[in-house]
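**Student:** here is my input; please provide its structure:
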Amino acid sequence: MAKRTLASGLAQDPPGLVERARLALHLNKRGLARALGLSPRTVYRWNKRTALPRKVTLRELAVKLHPVDPALAADLAVAGGTTAAAMGLMSRVKAAPGALAAESVVGAAADVLGLPPKAVRTAVAASLHRAQALGLTVEALLAALEQP
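**Tutor:** Numbers count the residues shown, from 1 in each chain. Prediction:
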């Protein structure tokens, strides 16, 4: 397969880009598949390089990734046959919160605990409900948790 050059100057490797994006979003493979509306088997095939992601999927992932890693999102856009600027990503300041952001938060907790995201999702939700009921902002909660 001939490799094209990405915005970062690296050789294009769509499955590798998808894997880097998945890690940046703190998602497991199942979470990435869910976020993109695909089967987990599809993501597995990409990782094994027995299939390649479609360009439209790379562009969709670029949009979801841009708030977290704009440079990697730009590479995904190029791999998807366009540019981040042409997709309007350069003018976006912040993505709307949603399922992908929630999966990223759950994934970060799961990584720290060494558990699958499904195992910690309920605990994270319960903790956030309690914080909300106590009137804590995310900033106040983080400040309290980060104290020695």
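
**Student:** buried residues in the host helix or strand of Val106?
**Tutor:** Assigned by DSSP states H and E, Val106 belongs to helix 99-113. Residues of helix 99-113 classed as buried by neighbour count (16 or more other CB atoms under 10 Å): 100-110. Using the backbone N, CA and C atoms, a C-beta is placed for each residue, glycine as well.

**Student:** and what of stretch 60-68?
**Tutor:** When neighbours are counted by 16+ other CB under 10 Å, the buried residues of stretch 60-68 are found to be 60-68.

**Student:** same thing with stretch 20-39?
**Tutor:** Of the residues in stretch 20-39, those scored as buried under the neighbour-count criterion (16+ other CB under 10 Å) are 20-22, 25-36, 38.

**Student:** and the nearest residue to Ala86 once chain neighbours are set aside, what pLDDT?
**Tutor:** Nearest-residue entry for Ala86: Ala77, 7.5 Å, with adjacent residues in sequence omitted and distances by CB to CB, 6 or more residues apart in numbering. Per-residue confidence (pLDDT) for Ala77: 89.

**Student:** separation between Ala77 and Ala126?
**Tutor:** Note on Ala77: its distance to Ala126, by CB to CB, to the nearest Å, is 38 Å.

**Student:** who has more neighbours out of these two?
**Tutor:** When Ala77 and Ala126 are compared for neighbours, Ala77 comes out ahead with 26 against 10, by other CB atoms under 10 Å.

**Student:** for the more buried one, what are its contacts?
**Tutor:** Residues in contact with Ala77 (CB atoms under 8 Å, 6 or more residues apart in numbering) are 7, 58-59, 62, 83-84, 86-87, 89.

**Student:** so what touches the longest helix along the chain?
**Tutor:** If you go by DSSP state H, the chain has its longest helix at helix 117-133. For helix 117-133, contacts defined as CB under 8 Å, 6+ apart pick out 27-28, 30-31, 103, 105-107, 109-110, 113, 138, 141.
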